[in-house]
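> Would you be able to build a 3D model of this:
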Amino acid sequence: MTDAGPSGASRSPGDLGALVPNILRFVRLLRDAGLSVGPGSAAEAVRAVEAVGPGRREDFYWALHAVLVSRADQREIFDHAFRLFWRRAPDGVGSLEQVAAGLRVRPSEGRARAAARRLAEALRRQRGAPRPDTSPPHADVDLTMAYSAQEGLRTKDFEQMTADELELAREAIARMRLYVPDIVTRRWRAGAAGRVDMRATLRATLRSGHGHIPLRWKTRVFRPPALVVLCDVSGSMERYARLLLHFLHTLTSQRTRVSTFLFGTRLTNVTRYLEDADPDEALARVGHAVKDWSGGTRIGAALAAFNRLWSRRLLGSGAIVLLITDGLDQEGATGIRKEARRLRLSCRRLIWLNPLLRYEGFEPRAAGIHALLPEVDEMRPVHDLSSLEQLVRALSRSYRRGERAATTAP
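Next comes the predicted model:
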């Protein structure tokens, strides 16, 4: 924990060099607390402080606030994090829980309470306090879906997880394994059995020059289907999108022919960034590339852009498409049904992953949900580790082209 915070004393912009590492640590603290900030936000924060100068604490506060806070529900977390981080001398670690618990949130606001817990844990880690060992004991067992032995973590909503639980969830996701059966293609290759290859047989006969006909055989080529992911990264999907990006990075590292697109108000292809072996570096590059993170949602426009620019390149040979969104659209579902129908007809299977299905009383009232629902082959919840496990098992089953499964609800 640093004590190099701004004060009322005058400071010249030339002194900013010593302040930059602490600004970066503060941005990392906010990210651990759940705010949507990344490497790009850190650079913007440094530029903002350079513009106003660090001489007055109030100017320093609002310069950081302007670039690091994007929603109203983040303001109080930012305010507490600022007062805790940029003070003259650190207090005891034991006071962190009391400060975080003092956030003015109603009992029903689980998101804010989870953010307060993450803030306290992130501050504790930055101060070097020991973190309790909550990892499961090591066991030399080969499991297809091996993750934390804590049953409660499997069914805990991503949005309600603390920073420590999110870290355990990321570790569990990294151990997931997806097995999708290979599908038959229209290509053939030489084989020892199968169908007679008339061209190869004729060439062999002409080369031999003998009276007999040496038969040549060919067999079908099998290969895994392409997996295409369209993931919503708007404000309402922010917490889920961050965990799901770790899941998509795991899939990309395990399989070939995985393509990932993120959308809010525009469509961004992030496939090449997720191919980086280091998940932290991969997600940092994704953060730089996506300019509409935690903004609005234009589902119809995003699907139209994919259908126009990428559909023919990626959806051949029985591709499976995962559409990850809550269906909340700022344009009133304009064009969603038409583009979703076109997408479904172009792929082998269209699966809609919706975190809103975690609610038992979920009803498809939003216009975007109404437009999407008839055009998908299957709809599944995606809000915790258990739902990701069920998704992996579903993808591991073989589906015939055009087959429609019953919609899965909680």
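> If you count neighbours, what's buried in the host helix or strand of residue 207?
Here residue 207 sits within helix 198-208, counting by DSSP states H and E. Buried residues in helix 198-208, counted by 16 or more other C-beta atoms under 10 Å: 201, 205. For glycine as for every other residue, the C-beta is placed from the backbone atoms N, C-alpha and C.
> Just want the angle from the helix or strand just after that helix to helix 198-208.
Sequence-wise, the next helix or strand downstream of helix 198-208 (DSSP H and E) is strand 217-223. Relative orientation of strand 217-223 and helix 198-208, computed by axes from the mean of the first three to the mean of the last three C-alpha atoms, to 10 degrees: 140 degrees.
> What separation do you get for the residue lying closest to residue 64 once chain neighbours are set aside and residue 58?
Ranked by C-beta to C-beta, 6 or more residues apart in numbering and with sequence neighbours excluded, the top spatial neighbour of residue 64 is residue 45, at 5.5 Å. As judged by C-beta to C-beta, to the nearest Å, residue 45 and residue 58 stand 16 Å apart.
> Give me the residue at the spatial middle of the chain.
With distances taken as C-alpha atoms, centre = their mean, residue 245 lies nearest the centre of the chain, 2.3 Å away.
> what about residue 188, which SS state?
Look at residue 188: counting by DSSP: H, G, I helix; E, B strand; the rest coil, its state is strand.
> Residue numbering should commence at 4 henceforth.
Understood, numbering begins at 4; the last thing we discussed is residue 191.
> Please determine how far it is located from residue 220.
Taken as C-beta to C-beta, the span from residue 191 to residue 220 is 10 Å.
> same thing with residue 27?
Distance from residue 27 to residue 220, counting by C-beta to C-beta: 63 Å.
> Equivalent analysis for residue 328, please.
Between residue 328 and residue 220 the computed distance is 47 Å (C-beta to C-beta).
> ditto for residue 289
For residue 289, the distance to residue 220 equals 47 Å [C-beta to C-beta].
> what's the answer for residue 203, then?
Distance, residue 203 to residue 220, by C-beta to C-beta: 8 Å.
> list the residues that contact both of those two?
Residues touching both residue 203 and residue 220 (C-beta atoms under 8 Å, 6 or more residues apart in numbering): residue 193.
> before we move on, back to that, count of residues packed around the residue nearest to residue 67?
23 (other C-beta atoms under 10 Å).
> Work out for me the element it sits within.
Here residue 48 sits within helix 42-55, counting by DSSP H and E.
> more crowded one of residue 328 and residue 220?
Neighbours per residue (other C-beta under 10 Å) separate residue 328 from residue 220, with residue 328 holding more: 29 against 15.
> now the stretch 54-203 of the chain, which segments are flagged as low pLDDT?
Along the stretch 54-203 of the chain, the model assigns pLDDT under 70 to residues 76, 90-154, 186.
> Next, please give the residue ranges for the helices of it.
60-71, 78-88, 99-104, 113-129, 154-157, 166-177, 201-211 (DSSP state H, counting those that start in this stretch).
> thinking the residue nearest to residue 67 is in contact with residue 25, fair?
No - in this structure, residue 48 is not within contact of residue 25 by C-beta atoms under 8 Å, at 10.9 Å.
> neighbours of the closest residue to residue 343 other than its chain neighbours, just the number please.
In space, and not counting its chain neighbours, residue 343 is closest to residue 378: 3.9 Å by C-beta to C-beta, 6+ apart. Residues near residue 378, counting by other C-beta under 10 Å, number 20.
> ok, residue 378 to residue 349 distance?
Between residue 378 and residue 349 the distance is 12 Å, computed by C-beta to C-beta.
> who touches both of residue 191 and residue 220?
198, 200.
> just so I have it, where are all the strands in this protein?
Ranges of strands in the chain, per DSSP state E, are 186-194, 198-199, 220-226, 230-235, 261-266, 270-272, 323-327, 352-356, 381-383.
> helices or strands next to the longest one in the packing?
Meaning strand 186-194. On a contact count with 3 or more C-beta pairs under 8 Å, 6 or more residues apart in numbering; DSSP states H and E, strand 186-194 meets strand 220-226.
> Could you list every helix and strand in contact with the strand it packs on?
Counting contacts by 3+ C-beta pairs under 8 Å, 6+ apart, strand 220-226 is packed against strand 186-194, strand 198-199.
> C-alpha coordinates for the longest one, CSV please?
Listed in CSV are the C-alpha atoms of strand 186-194, where the atom choice follows Å, rounded to 0.1, in the frame of the first residue of the first chain:
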residue,chain,number,x,y,z
ILE,A,186,-18.1,-34.2,-38.3
VAL,A,187,-17.9,-35.6,-41.9
THR,A,188,-17.0,-33.2,-44.6
ARG,A,189,-17.5,-33.4,-48.4
ARG,A,190,-13.8,-34.0,-48.9
TRP,A,191,-12.2,-37.4,-49.6
ARG,A,192,-8.7,-38.8,-48.9
ALA,A,193,-6.9,-42.0,-50.0
GLY,A,194,-7.6,-44.9,-47.7
